[in-house]
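Q: 3D, please:
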Amino acid sequence: MDYHKRPTATQFLVRLLMLLFMMVAGNLIFVGLASGVSIIVWDYNFFSQPEMLAQIGNSGMLPVVRFFQAMQTIGMFLFPGILWALLYDKPVMHGLDIKKSISTEAIFGTLLIVIVALPMINALAAINEALNLPEWLSAMEQNFRSTEERAMEFMEALLNTESIGTLFINLLVIGVLPAISEEVLFRGVLQKEFERITRKPILSVIIAAIVFAALHYQFFTFLPRVALGIMLGLVYLWSKNLWVPIALHFFNNGLSVLAWFWLSPEQIDGSVDNIGTPTFMWPLAIVSIILLVALMYGLHQHFRKHRHSLR
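A: Okay, the predicted model is just below:
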């Protein structure tokens, strides 16, 4: 069967199940590797004491937590994405649209998108957080909220540092690795799979963005993640270069890491995370959407001209 032809519904389902198996297997393999390394380096056995990874109040465990997070990111997203390309879309660099370079305009464009989109993202986050599930799902809603509160506390413990060395580790673990790994899987593999079955590029962007948001397992940040996923999917669709969404993803995560290094938690919670919300400078959300559309249109035109110049 020609992999690039439109698959049947059965073939598409089998591919998705295979990809899911690769993600689960990759996660197990890399957690196993991380456990082996942690025994040697930190004298910590994950399989006998898994609960210790949740002890964010123990500063001595934070390096272990960062290491496990990095290995899980690689195992669940990067490993299956590359394996998929090796099996179905060779050569890998071509199959995943990993070009040799990215233009300066694209780099600055993606950075501006992240900055300009901040009020809109904050507004979506506030709207999402205000959503309430039906009364008969109140127990589920409470579980979602408590889980996400713990996830936020967990992330704050990792990010709250005054050490330059830890800052660079955070940029690697929270910025670089997720940007590369998640874009390889969600844009380099899944978005292209959805486009093969639907034959509708924009629809494939939206579906991949929804899956991207859903697999973060955080209901009350679902809308902003879908918006981010759509932006990532569009710049990939237009550029045909995976480095472009990787750059955008890295700037989005990396600026958060830098904000936590430069600012206090009170400054972030009281100002940065509230810009553009319905209760704080909400007109900026409207301005943000207008400027974002203009920037995205400009990037679209840039990639279009660049493709024409290569012909």
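Q: Show the secondary-structure elements that the lengthiest helix in the chain is packed against.
A: As assigned by DSSP state H, the longest helix anywhere in the chain is helix 9-42. Helix 9-42 sits against helix 62-73, helix 79-88, helix 192-198, with contacts defined as 3 or more Cβ pairs under 8 Å, 6 or more residues apart in numbering; DSSP states H and E. Glycine gets a C-beta too; all of them are placed from N, C-alpha and C.
Q: of all those, which lies closest to His249?
A: Closest to His249 of the helices and strands packed on helix 9-42 is helix 62-73 (Cβ to Cβ; 12.1 Å).
Q: Sort out which residues of that closest one are buried, please.
A: The neighbour-count check on helix 62-73 (16 or more other Cβ atoms under 10 Å) flags Leu62, Val64, Val65, Arg66, Phe67, Phe68, Gln69, Ala70, Met71, Gln72, Thr73 as buried.
Q: Quick check: of those, which lies closest to Glu162?
A: For the buried residues of helix 62-73, the nearest to Glu162 is Leu62 (13.3 Å; Cβ to Cβ).
Q: I figured that closest one hits Leu53, correct?
A: No - look at Leu62 against Leu53 with Cβ atoms under 8 Å: they stay out of range, at 10.1 Å.
Q: any idea how far the closest residue to His300 other than its chain neighbours lies from Arg6?
A: Excluding the flanking residues, the one nearest His300 by Cβ to Cβ, 6 or more residues apart in numbering is Trp238, at 5.1 Å. Counting by Cβ to Cβ, to the nearest Å, the separation of Trp238 from Arg6 is 22 Å.
Q: neighbour-wise, which of these two wins?
A: Higher neighbour count among Trp238 and Arg6: Trp238, with 20 against 12, using other Cβ atoms under 10 Å.
Q: what sits against that one?
A: Going by Cβ atoms under 8 Å, 6 or more residues apart in numbering, Trp238 touches Leu299, His300, Phe303, Arg304.
Q: now with 7 Å?
A: Contacts for Trp238 were tallied using Cβ atoms under 7 Å, 6 or more residues apart in numbering; they are Leu299, His300, Phe303.
Q: from those residues, which has minimum pLDDT?
A: For those, the weakest pLDDT value sits at Phe303, with 92.
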